[in-house]
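Colleague: This is a predicted model, with the sequence first.
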Number of protein chains: 2
Amino acid sequence: MSDFRPEAADRNRLINPFRVMDVLERARQLEQSGVDIVHLEVGEPDFATAPQIVAAGVRALQQGHTAYTPAAGLPALRERIARFYADHHGVDVDPSRILVTPGASGALVLAANLLLNAGDTVLMPDPSYPCNRNYVHLVGGKAVLIPPASPGQPAPSLAQLDLAYNPSVKGLWLASPANPTGAVIPPTEVQALSDWAAKHSVHLLMDEIYQGLDYPDSPADSCALGNLPTALRCHPNNLLVNSFSKYFGMTGWRVGWLVVPQSLAAPANVLAQNLFIAAPTPAQHAALRAFDDDVIEVLEQRRAAFRQRRDFLCDALRSMGFSLPWQADGAFYCYAGIERFADDSEAFCRMLLEEHGVAVTPGTDFGAHNANTYVRFAFTNAMPRLELAAERLQRALS
Amino acid sequence: MSDFRPEAADRNRLINPFRVMDVLERARQLEQSGVDIVHLEVGEPDFATAPQIVAAGVRALQQGHTAYTPAAGLPALRERIARFYADHHGVDVDPSRILVTPGASGALVLAANLLLNAGDTVLMPDPSYPCNRNYVHLVGGKAVLIPPASPGQPAPSLAQLDLAYNPSVKGLWLASPANPTGAVIPPTEVQALSDWAAKHSVHLLMDEIYQGLDYPDSPADSCALGNLPTALRCHPNNLLVNSFSKYFGMTGWRVGWLVVPQSLAAPANVLAQNLFIAAPTPAQHAALRAFDDDVIEVLEQRRAAFRQRRDFLCDALRSMGFSLPWQADGAFYCYAGIERFADDSEAFCRMLLEEHGVAVTPGTDFGAHNANTYVRFAFTNAMPRLELAAERLQRALS
């Protein structure tokens, strides 16, 4: 037998494993040996899917909805999402521009293949969700990360973009609310960024997977389904990624969506046929239920719980000496500076995990700029566990 | 507002829309205007998912299995698939080599990203499943289609491979049983192809998504879960794609798997984290039930039904004057030559659909070589409908 061994293609060298996976694996080992671990590392809500959505999934299965849907998704779901943009955001989006995808991951893989040639550059903030730069790398593009002009800045400034611009720049990928910072880009700033992109013939792709999970200063101002306008209203050719995973609490079901300009609807549909055939059918039927009032009521209670956790955790971290330059106005993350305690975030995370039973994610997963002085706390755990984590952190740092 | 419009990247020009989608859409239009259409165009079994698997999916939902699984899939499912290879195929596959994916599509996207650099060539047969060449194109590779040395040949010959070989050739992608021909590559030939690949430092990727759906000459010889050996037994570094969609009847659930050489398990896992996070969770739990004896009993009855349909359809087509160079020994397709009737398969398919209410797929979806003289019949419809189709075809051709 020949000893030939296939090798991984070059692009795999650009795709780093997520350090959070090592944290998670080590945390599980420790748990198996009897150690109690508070999980603040995972970006997945601790709430199970709302019972009404689960019931809709069960019903879909019992009714035999187990065959493929069209590649771009169930027509009724695409129309329901379009109605969400019309009713909640006041933006007219033709359902033909909406592609239902296997999670936001599927949407981003599709977008990268749809938009980017080898050698094209995409600008994105540092820090940001690590997969986003990988989607660009996978299609032979180049992701250029722009560090914040000053810590706490939710998006690159126009001056920074002007400096970073060159003719290879074809895309500007942003997220609001953002992972890992929880920061929200103010609407006027989104408009300015969108105008900058259009002026430079650069597409703007906005990741809105945490839409719905924002926390206005006064809870009384909070509107069901969230208070942030969508970037779709800024320009009809902006692209948008969203998902049923976060606000709607359907992570494991794998349903997201991509909104493309009308002119790209046809090629996006062909790509979807090839890349996934279709998103999972029972999950799409279940997602049809997600916008109903009685479901939103459940989701809004959860959002209130996230707000309470956010308030508690940010206060606790601040009082212990963490810096919190980014306002955690959305999502379920605090991105905390550890410069008072350490200059090696991976070592700091190891210490917290091994010696104090608190699992958090090192900043090095999210970028390069000052990444060693940040860690991400995900408040995807109930208050009593957060209080325990705060006690343990206090002990660790005293 | 600027009139900038993002454009589709170059690779999208290489990805043709499937003509079968046009056939399907036109068929639906005709149906809406009251015309009865026999559907022989769609590669999806007409059987709903087996009730035991549906019940397992329902149970998973009711038990709250709605969170992400690990990227490579539920450990129990990876182990169950490994046990299938051990018990049924006598091949030892470590579960760490098995990645559960969102359908075979996910497996093939993962494999292309894992294995191919821009400029690399992959050899594959003409005709073959159209997505396969597209996965290669999407990562900047080149798919070279090898026409059969003579019609009916299930795979390229070694002489053809030697002729096609050049240093850019990095992969040989095959399928058995194959779409659109239903042809099975004999085990000795698979071994020879595997040896050729290893000798030339070319990876062999075998698509076995129709495994289990093969029809040995004597039904009495038929063994549950299929009679074909897996290509995994030929070389430990062969790659394999399979799925719960076809034999197991779980199309819309979106669960498949990829087997990689041990040396590529780690980078494949990192790619899976990025490309999809994980396959859908309820579907993975349901798939755990797919190998159980009472389920296999249902699936074997369906396989017997497919055999009966295959026998009927092949006989009917042959008696009408279609040529059937490929033996439909597996899957649920007949790839029929129309050279006695026409030399434009798309026009022929349009005629059958518009004038006779029979929907079939033109050969031009599957390759270039003589594609205009073939059409694909999918026997994914019950006997009475097949009989009706035969009557209509008879009328169309007389």
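Modeller: The structure has been received and is ready for your questions.
Colleague: When you work out contacts or count neighbours from here on, use the C-alpha atoms and nothing else.
Modeller: Will do.
Colleague: wait, isn't A:Ala82 in contact with A:Val100?
Modeller: No: using CA atoms under 8 Å, A:Ala82 makes no contact with A:Val100, being 11.5 Å away.
Colleague: And these two? Which one has more around it.
Modeller: A:Val100 (29 against 21; other CA atoms under 10 Å in any protein chain shown).
Colleague: A:Arg80 is in contact with the more buried one, correct?
Modeller: No: applying CA under 8 Å as the test, A:Val100 and A:Arg80 come out as separate, 11.2 Å apart.
Colleague: can you list residues touching both of those two?
Modeller: Common neighbours of A:Val100 and A:Arg80, using CA atoms under 8 Å, 6 or more residues apart in numbering or on different chains, do not exist here.
Colleague: Kindly provide the distance from A:Ser128 to chain B.
Modeller: 14 Å (CA to the nearest CA, to the nearest Å).
Colleague: ugh, wrong one, I meant A:Arg26
Modeller: 14 Å.
Colleague: What is the three-state secondary structure of that residue?
Modeller: When classified by DSSP: H, G, I helix; E, B strand; the rest coil, A:Arg26 comes out as helix.
Colleague: Can you report how many residues lie near it?
Modeller: By the criterion of other CA under 10 Å, A:Arg26 has 16 neighbours.
Colleague: Next secondary structure after the helix or strand containing A:Asp311?
Modeller: Here A:Asp311 is covered by helix A:293-320, with elements defined by DSSP states H and E. Counting by DSSP H and E, the element after helix A:293-320 in chain order, helix or strand, is strand A:333-337.
Colleague: ok and that following strand relative to helix A:293-320, angle-wise?
Modeller: Between strand A:333-337 and helix A:293-320, the angle comes out at 10 degrees (axes from the mean of the first three to the mean of the last three CA atoms, to 10 degrees).
Colleague: and strand A:333-337, what does it pack onto?
Modeller: When contacts are defined as 3 or more CA pairs under 8 Å, 6 or more residues apart in numbering or on different chains; DSSP states H and E, strand A:333-337 packs onto helix A:293-320, strand A:374-378.
Colleague: winner for burial among those?
Modeller: Among the helices and strands packed on strand A:333-337, strand A:374-378 has the highest mean neighbour count (mean count of other CA atoms under 10 Å in any protein chain shown), at a mean of 28.
Colleague: ok, that strand: who's next to it in the sheet?
Modeller: strand A:333-337 (antiparallel), strand A:361-362 (antiparallel) (DSSP bridges).
Colleague: and the ones you listed as JSON lines, adding mean neighbour count, mean pLDDT and distance to A:His88?
Modeller: Output for those, formatted as JSON lines (neighbours: other CA atoms under 10 Å in any protein chain shown; pLDDT from 0 to 100; distance: least, CA to CA, whole Å):
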{"stretch": "strand A:333-337", "mean neighbour count": "27", "mean pLDDT": "98", "distance to A:His88": "25"}
{"stretch": "strand A:361-362", "mean neighbour count": "30", "mean pLDDT": "97", "distance to A:His88": "34"}
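Colleague: Helices of chain A, start to end?
Modeller: Using DSSP state H, the helices found in chain A span residues A:19-32, A:51-62, A:75-89, A:103-115, A:130-138, A:158-164, A:187-199, A:265-275, A:281-287, A:293-320, A:345-356, A:383-397.
Colleague: Out of those, which is closest to B:Pro261?
Modeller: Taking CA to CA, helix A:130-138 is the member of these nearest to B:Pro261, at 21.0 Å.
Colleague: residues in contact with the closest one?
Modeller: A:11, A:14-15, A:18, A:108-109, A:112, A:116, A:122, A:124, A:142-143, A:365-367, B:113, B:139, B:274-275.
Colleague: if you set the cut-off to 6 Å instead, what comes out?
Modeller: A:Ile15, A:Val109, A:Ala112, A:Ala143, A:Phe366, B:Asn274 (CA atoms under 6 Å, 6 or more residues apart in numbering or on different chains).
Colleague: now the angle between helix B:130-138 and it, please.
Modeller: Using the same axes, to 10 degrees: helix A:130-138 against helix B:130-138 is 90 degrees.
Colleague: Kindly report the residues of chain A close to chain B.
Modeller: Within chain A, the positions adjacent to chain B are A:2, A:4, A:6, A:8-9, A:17, A:58, A:66-68, A:105, A:114-117, A:131, A:198, A:201, A:203, A:251-254, A:270, A:274, A:276, A:280-281 by CA under 6 Å from any CA of the partner chain.
Colleague: quick one: contacts for the spatially closest residue to A:Val255 that is not a sequence neighbour?
Modeller: Among residues not flanking A:Val255 along the chain, A:Gly103 sits closest, at 4.2 Å (CA to CA, 6 or more residues apart in numbering or on different chains). Contacts for A:Gly103 were tallied using CA under 6 Å, 6+ apart; they are A:Ser243, A:Arg254, A:Val255, A:Gly256.
Colleague: Contact partners for the first one?
Modeller: The one in question is A:Ser243. A:Ser243 touches A:Gly103, A:Ala104, A:Ile209, A:Gly256, A:Trp257, counting by CA under 6 Å, 6+ apart.
Colleague: hmm, which of the residues you listed are the buried ones?
Modeller: Neighbour counting with 16 or more other CA atoms under 10 Å in any protein chain shown marks A:Gly103, A:Ala104, A:Ile209, A:Gly256, A:Trp257 as buried within these.
Colleague: Using CSV, lay out those residues together with pLDDT.
Modeller: Below are those laid out as CSV (pLDDT from 0 to 100):
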residue, pLDDT
A:Gly103, 97
A:Ala104, 98
A:Ile209, 98
A:Gly256, 98
A:Trp257, 98
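Colleague: ok so, going back, indicate which one of the helices of chain A is closest to B:Ile185.
Modeller: That would be helix A:265-275 among the helices of chain A, by CA to CA, at 24.9 Å.
Colleague: What are the contacting residues of stretch A:390-398?
Modeller: A:His356.
Colleague: Report the buried residues of stretch A:144-160.
Modeller: By 16+ other CA under 10 Å, the buried positions in stretch A:144-160 come out as A:Val144, A:Leu145, A:Ile146, A:Pro147, A:Pro148, A:Gln153, A:Pro154, A:Ala155, A:Pro156, A:Ser157.
Colleague: circling back to that earlier point, can you list which of the contacts of A:Gly103 are found in strands?
Modeller: A:Ser243, A:Gly256 (DSSP state E).
Colleague: And the contacts of A:Gly103, which is closest to chain B?
Modeller: A:Arg254 (5.6 Å; CA to the nearest CA).
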